[in-house]
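S.K.: quick one: sequence plus predicted model below, questions after.
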Amino acid sequence: MFDDLRRALKALEQPTQVSFGIPIDEDGYLDRLCPWAECGAEFKVLYSDWVDKVSDTCRCPFCGYSTGIRPKR
(Lines give C-alpha, C1' and ligand atoms only; values in the text may rest on other atoms or scores of the structure.)
Protein backbone atom coordinates (compact mmCIF):
# COMPACT_ATOMS: atom_id res chain seq x y z
CA MET A 1 0.00 0.00 0.00
CA PHE A 2 2.67 2.51 0.99
CA ASP A 3 4.83 1.51 -1.97
CA ASP A 4 2.01 2.53 -4.32
CA LEU A 5 1.63 5.84 -2.50
CA ARG A 6 5.39 6.43 -2.62
CA ARG A 7 5.43 5.75 -6.40
CA ALA A 8 2.48 8.09 -6.93
CA LEU A 9 4.17 10.86 -4.95
CA LYS A 10 7.42 10.32 -6.85
CA ALA A 11 5.50 10.71 -10.14
CA LEU A 12 4.15 14.07 -8.93
CA GLU A 13 7.71 15.41 -8.64
CA GLN A 14 8.06 15.36 -12.41
CA PRO A 15 6.95 18.56 -14.20
CA THR A 16 3.72 18.29 -16.13
CA GLN A 17 2.98 20.39 -19.17
CA VAL A 18 -0.59 21.12 -20.20
CA SER A 19 -1.60 22.78 -23.46
CA PHE A 20 -4.97 24.30 -24.23
CA GLY A 21 -6.48 26.55 -26.85
CA ILE A 22 -7.76 30.06 -26.25
CA PRO A 23 -10.75 31.03 -28.40
CA ILE A 24 -10.29 34.17 -30.48
CA ASP A 25 -13.19 35.84 -32.28
CA GLU A 26 -13.37 36.38 -36.05
CA ASP A 27 -11.81 39.86 -35.68
CA GLY A 28 -8.77 38.55 -33.79
CA TYR A 29 -9.87 39.59 -30.29
CA LEU A 30 -9.51 37.65 -27.06
CA ASP A 31 -12.30 37.94 -24.47
CA ARG A 32 -11.04 38.85 -20.99
CA LEU A 33 -12.76 39.18 -17.62
CA CYS A 34 -11.52 41.33 -14.73
CA PRO A 35 -10.76 38.92 -11.87
CA TRP A 36 -11.63 41.43 -9.14
CA ALA A 37 -14.98 40.34 -7.69
CA GLU A 38 -16.24 43.92 -7.26
CA CYS A 39 -15.62 44.72 -10.95
CA GLY A 40 -15.92 41.61 -13.14
CA ALA A 41 -15.97 43.76 -16.30
CA GLU A 42 -15.76 41.99 -19.65
CA PHE A 43 -13.43 43.46 -22.25
CA LYS A 44 -11.58 42.44 -25.41
CA VAL A 45 -7.90 42.58 -26.24
CA LEU A 46 -6.49 42.25 -29.74
CA TYR A 47 -4.71 38.88 -29.59
CA SER A 48 -1.60 40.14 -31.39
CA ASP A 49 -1.31 42.93 -28.79
CA TRP A 50 -1.78 40.40 -25.99
CA VAL A 51 1.13 38.33 -27.33
CA ASP A 52 3.43 41.23 -28.33
CA LYS A 53 2.75 43.93 -25.74
CA VAL A 54 1.19 42.53 -22.55
CA SER A 55 3.56 41.48 -19.78
CA ASP A 56 2.82 38.78 -17.21
CA THR A 57 0.11 40.92 -15.66
CA CYS A 58 -2.70 42.80 -17.31
CA ARG A 59 -4.60 45.85 -16.03
CA CYS A 60 -8.39 46.05 -16.25
CA PRO A 61 -9.29 49.06 -18.44
CA PHE A 62 -12.37 49.79 -16.30
CA CYS A 63 -11.26 49.60 -12.66
CA GLY A 64 -7.46 49.49 -12.99
CA TYR A 65 -7.10 46.15 -11.18
CA SER A 66 -3.80 44.39 -11.72
CA THR A 67 -2.55 41.30 -9.94
CA GLY A 68 -1.44 42.25 -6.47
CA ILE A 69 -2.67 45.85 -6.79
CA ARG A 70 -6.02 47.03 -5.45
CA PRO A 71 -8.00 49.07 -7.93
CA LYS A 72 -8.38 52.81 -7.62
CA ARG A 73 -12.03 53.87 -7.35
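M.R.: Right, received. Where do you want to start?
S.K.: in a helix, Asp50, correct?
M.R.: Slight slip there: residue 50 is Trp, not Asp. Yes - Trp50: assigned to a helix according to DSSP: H, G, I helix; E, B strand; the rest coil.
S.K.: the closest residue to it other than its chain neighbours: what secondary structure?
M.R.: Distance criterion CB to CB, 6 or more residues apart in numbering; nearest residue to Trp50, sequence neighbours excluded, is Leu30 at 5.6 Å. To be clear about C-beta, it is placed using only N, CA and C from the backbone, and glycine gets the same treatment. Secondary structure, three-state DSSP: Leu30 is strand.
S.K.: who does Leu30 bridge with?
M.R.: Note on Leu30: beta-bridge partners by DSSP bridges are Ile24, Val45.
S.K.: can you name the residues that contact it?
M.R.: 22-24, 44-47, 50 (CB atoms under 8 Å, 6 or more residues apart in numbering).
S.K.: again, only using 6 Å
M.R.: 24, 45, 47, 50 (CB atoms under 6 Å, 6 or more residues apart in numbering).
S.K.: for Gln17, see how far away Trp50 is.
M.R.: Using CB to CB, to the nearest Å, one gets 21 Å for the distance from Trp50 to Gln17.
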